[in-house]
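Undergrad: Task: produce atomic coordinates for the following.
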Amino acid sequence: MFRLNLKIAWRNLWKNKIYAAINIGGLALGLTAFLLMLLYINHEESYDTWSSDLQNVYQIREKHEFFTPDNKDHWQEISNSRVAGIIKQNVPQFTAVTKVDSEWGNGFSVKIDHADPILIKAIKDADTAFFNVFPYKFIQGDRERALKEPNTVVLKQSLAIKLYGTDHVLGKEFKLVRWRDDKGTPMKITGVVADVNTPESVTFNAISHTGDQDHDPDQPGSSHYNQVYAKSASKVDTLAANNSLQKVYIDYKKKSFAEQNINFKDIYKDGKRPGLKAIALKDVHANPPFAINWLTKLKPVIGISIFLLLVSIINFVNLATAQSVQRAKEVGVRKVLGSYKKQLVSQFLIESALQSIISLFLSIILIEVLLPAFNHHFNVELSFWYNDHLLMLMIQLVALFAFVTLLAGFYPAWVLSNYNPVAVLKGNYGNSLKGMALRNVLVVFQFIISVTFIIAIGVMQLQTKYISNKDLGFERDRLINLQTGYEQNFADKIRRIPGVQYVSTTTQVMGNAFNNKSEIIYKGQTFNLNGVSVSMDALQTLGVKLVSGRLFAKEYKQDTINAVILNEAAANLLGKNMVGKTYNKVNYDNKIISFQIVGVIKDYHNEGFDKTVLPTVYKVTKLGGTSNTNNLLVRFETKNYKGIINNIQNEWRKLYPDFPLHYQSMDEAFSNVLEENNRFMNMIILFSAVSVSLSLLGLFALSTFIAKRRTKEIAVRKILGASNVQIVNLLNKSFLILVIIANLISWPIAYILIKRWLQGFAYRIEMPIFPFLLATAVSIIIAVLTVTIQARKAAIGDPVNALKYE
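TA: Residues are numbered from 1 along each chain as shown. Have a look, this model is predicted:
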């Protein structure tokens, strides 16, 4: 029986090739979008699952304000290095604790014998306990002894092959140069570990052991920050462990402040509290500091993928029921011959399953074609067949196939199997063809989604245009950042190169901003500003816009002592007409220093547009700030500066032959800031195009159904004198009502969703009305054109053919 039903299903598909192609193609598109998101979600959830032992590994996070984008307390991945010792001594739940240095800059230089140096990212320095916490598989070397000696290094297998062409590198040495002035340290390779097969939070290409992470700073007031990880013998109660961590941490802070003659209550007041906690390693990737997690970021895209799948299923239902007139007599004959309703439902479900499985195979082919572009777009490395969780993926596919088959096939099967055989065989389909209300609702639902997408595209385009053309407060063209510290000799050599206009440094520039809290006293009130250190001509290099007063200049000796410049945000915070006024600051040795404001500049952006520009004070002096930065800015006199950069690189190689130069243009830094938003908008545009196409298919199906259902009515109207235009307008009228209803519903939905999206930007446009009007016009036009094509076919038909049996 199953074989017979399958044969009938195949014949029906082949008989109705166009409908089958539309049905299968639409469903394949919806499944492709959904499966791509499924692959991405599986990838994100697979972080730190490469070993079962990682279930007992925890990252220690400390709450502090150092290195934060807003100079406020945040839970951070980098902690005071002394935290590791506190945990070892006072928290017995953790049996091993390791310290790992953060990755700084653009990598370290590796020089092998007489070969040219190359920059390698993610070479991290750790203490001797690293491989006691992280269970990496050693291909070469011994886990217990690999990091026992100083100046040793363990490579990932991929890096070993990249550097030497083989992973048999035990005992070899290379020179590791950590910064440009570093003379280099000979590092002995004492181990090679296998690359893991899933993404990891603690990413590295090599783990070095210099001995720097084995010791904490001697002075109580000095700090060294790194990442701290702890391992337990078995799964711990995180709540209880965190209570223990918090208690011992507060005791440590009180003791440390007492040694520095600092009152604990003066620092932690007004609800501010010290904090230390452990979070499971599997939760680290999902809880990044200073950023929203991947799931929150992906929710809109997941929602879009689900909607696309629903739209394609709705099309399936509409197209299946649109063919019901053609299948009505078949159902009537089969019922008369003794077929039960259960058998008919099974027959139509098999047809649905056959189309679903073809769609699924097509979507897998589409995924293989689209994955390279998808990987590039999301900066991931996903694969369908070479997937470490292929079995789980197959189970998900089977579940998805069953879900789609039942959801898409059950309603058409139920409608077709319910036909009254007597009425159908008499040729009376009117009373049998029920469910128009549901089909209308489905078409409205499709157009709600499509119109919402069109509105979203319009608003996103306007917001992106606004951001792209927004005044950044500085001139980004002809400006590059060499991403190295300021050194007078090298800076002077660059200045002498023809075509170079300015050379300077600052702690705050787009692409590499270092915020430093600066507490000042003005008119008896305390204000927290962002402190930025600059060289004398840094603001001229940036091309900032002066609002009042003047910029720093060598002619004013005061500028290297106690002159400051405020941005507009700081000036507005303190008051009006700030040029010439002074404020005080308590220095680190409790001396009060007076600073004079000599200028106010326009706010300039150094981070994304989701954050407001902080109230900032700029100083040339080191008092209350630091000038140690990896920003060396160079402004050129011409836009054609590639040749000038070659001259800069030649000067660099003469001074620092073992460390390659790395630079970034400000245009590139600005593009990076917009990159994530542009990715999201491009995805919305792509999915919107698919959604509108699927909606048109659904409208095509329903208009076909209506035209066939009203064939006799149209014939009678034509005989009574109705013109073709009148008949087309008659059929268009009902669909126009559906599209207008869809627009009325979609407007408030789109308004709420897009308003929430716009609220993610600190600088945004007001909600425009034009995209809403455009979406309505576009939806009405494409609906009318689609229905008119089908209506015209019905209108020009010969009425005799429809009425000759009456």
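Undergrad: doesn't Ile521 fall inside a strand?
TA: Yes: with DSSP: H, G, I helix; E, B strand; the rest coil as the criterion, Ile521 is part of a strand.
Undergrad: correct me, but it touches Leu574?
TA: No: taking C-beta atoms under 8 Å as the definition, Ile521 is not a contact partner of Leu574, at 11.0 Å. Every C-beta, even on glycine, is put in place using the N, C-alpha and C of the backbone.
Undergrad: next one: phi and psi at Ile592?
TA: The phi and psi values for Ile592, taken as degrees, to the nearest 10, are phi -90, psi 120.
Undergrad: partners of it in the sheet?
TA: Val586 (DSSP bridges).
Undergrad: how near is it to Ile521?
TA: 8 Å (C-beta to C-beta, to the nearest Å).
Undergrad: before we move on, what about Val692?
TA: Taking C-beta to C-beta as the criterion, Val692 is separated from Ile521 by 60 Å.
Undergrad: who has more neighbours, those two?
TA: Val692 (21 against 14; other C-beta atoms under 10 Å).
Undergrad: ok, back up a step: now the common contact residues for Ile521 and Leu574.
TA: 527, 583 (C-beta atoms under 8 Å, 6 or more residues apart in numbering).
Undergrad: And for Asp603, nearest residue in space, chain neighbours not counted?
TA: Leaving aside its sequence neighbours, Asp603 sits nearest to Val613 (C-beta to C-beta, 6 or more residues apart in numbering; 4.1 Å).
Undergrad: Likewise for Asn572?
TA: Excluding the flanking residues, the one nearest Asn572 by C-beta to C-beta, 6+ apart is Pro615, at 7.8 Å.
Undergrad: where does Ala206 fall, phi/psi-wise?
TA: According to degrees, to the nearest 10, Ala206 has phi -160, psi 150.
Undergrad: mind checking how far it is from Thr98?
TA: Distance from Ala206 to Thr98, by C-beta to C-beta: 16 Å.
Undergrad: now Leu27
TA: With C-beta to C-beta as the criterion, Leu27 and Thr98 are 51 Å apart.
Undergrad: now swap in Asn151 and tell me
TA: Distance from Asn151 to Thr98, by C-beta to C-beta: 18 Å.
Undergrad: Neighbour count: the two, which is higher?
TA: Shown here are Asn151 and Thr98; by other C-beta under 10 Å, Thr98 has more neighbours (25 against 15).
Undergrad: For the helix or strand that one falls within, buried residues please.
TA: In this assignment (DSSP states H and E), Thr98 forms part of strand 94-100. Using 16 or more other C-beta atoms under 10 Å as the test for burial, strand 94-100 gives 94, 96-100.
Undergrad: other SSEs contacting it?
TA: Under the contact criterion of 3 or more C-beta pairs under 8 Å, 6 or more residues apart in numbering; DSSP states H and E, strand 94-100 touches helix 82-90, helix 130-133, strand 225-232.
Undergrad: How far off centre is the first one?
TA: Helix 82-90 sits 35 Å away from the centroid of its parent chain (C-alpha atoms, centre = their mean, to the nearest Å).
Undergrad: can you list contacts of it?
TA: Residues external to helix 82-90 that are found in contact with it (C-beta under 8 Å, 6+ apart): 60, 62, 94, 97-99, 127, 216, 223, 228, 230, 244-245, 248-249, 252, 276.
Undergrad: ok, 7 Å please
TA: By C-beta atoms under 7 Å, 6 or more residues apart in numbering, the residues outside helix 82-90 that reach it are 60, 62, 94, 97, 99, 216, 228, 230, 248-249, 252, 276.
Undergrad: quick one: it to strand 94-100, angle?
TA: Put simply, helix 82-90 runs at 170 degrees to strand 94-100, going by axes from the mean of the first three to the mean of the last three C-alpha atoms, to 10 degrees.
Undergrad: any idea of the angle helix 82-90 forms with strand 225-232?
TA: Helix 82-90 runs at 30 degrees relative to strand 225-232, counting by the same axes, to 10 degrees.
Undergrad: Any buried residues in helix 82-90, and which?
TA: Buried positions in helix 82-90, judged by neighbour count with 16+ other C-beta under 10 Å: 82-84, 86-87.
Undergrad: The longest helix seen in the chain packs against which elements?
TA: If you go by DSSP state H, the chain has its longest helix at helix 666-709. Helices and strands touching helix 666-709, by 3 or more C-beta pairs under 7 Å, 6 or more residues apart in numbering; DSSP states H and E, are helix 17-45, helix 294-322, helix 436-468, helix 724-758, helix 770-795.
Undergrad: wait, which of those helices is closest to Ser688?
TA: Ser688 lies closest to helix 436-468 among those, at 3.5 Å (C-beta to C-beta).
Undergrad: Next, count neighbours for Arg792.
TA: Arg792: 16 neighbours (other C-beta under 10 Å).
Undergrad: Could you pull up the contacting residues of it?
TA: Arg792 neighbours (C-beta under 7 Å, 6+ apart): Val728.
Undergrad: Quick one, grab the pLDDT at it.
TA: pLDDT recorded at Arg792 is 76.
Undergrad: ok so, going back, between Ile592 and Ile521, which contacts overlap?
TA: Going by C-beta under 7 Å, 6+ apart, residues that sit against Ile592 and also against Ile521 are Asn584.
Undergrad: Distance from stretch 684-698 to the middle of the chain?
TA: 23 Å.
Undergrad: So what touches that stretch?
TA: With C-beta under 7 Å, 6+ apart as the test, stretch 684-698 has contacts from 22, 26, 29, 33, 304, 308, 311-312, 314-315, 318, 442-443, 446-447, 449-450, 453-454, 456-457, 460, 782, 786.
Undergrad: Walk me through the domains of this protein.
TA: Under the assignment automatic domain parsing, the domains of the chain span 1-47+290-434, 52-284, 443-471+673-806, 483-662.
Undergrad: and of those, who's closest to Asp477?
TA: Here domain 483-662 is closest among the domains of the chain (C-beta to C-beta), at 6.6 Å.
Undergrad: now the closest one: mean pLDDT?
TA: Mean predicted lDDT for domain 483-662 stands at 87.
Undergrad: residues in contact with the residue lying closest to Lys611 once chain neighbours are set aside?
TA: With C-beta to C-beta, 6+ apart as the criterion, Lys611 has its nearest non-adjacent residue at 5.6 Å, and that residue is Ala762. Residues near Ala762 by C-beta under 7 Å, 6+ apart: 609-612.
Undergrad: Can you tell me how far Ala762 is from Asn42?
TA: 34 Å.
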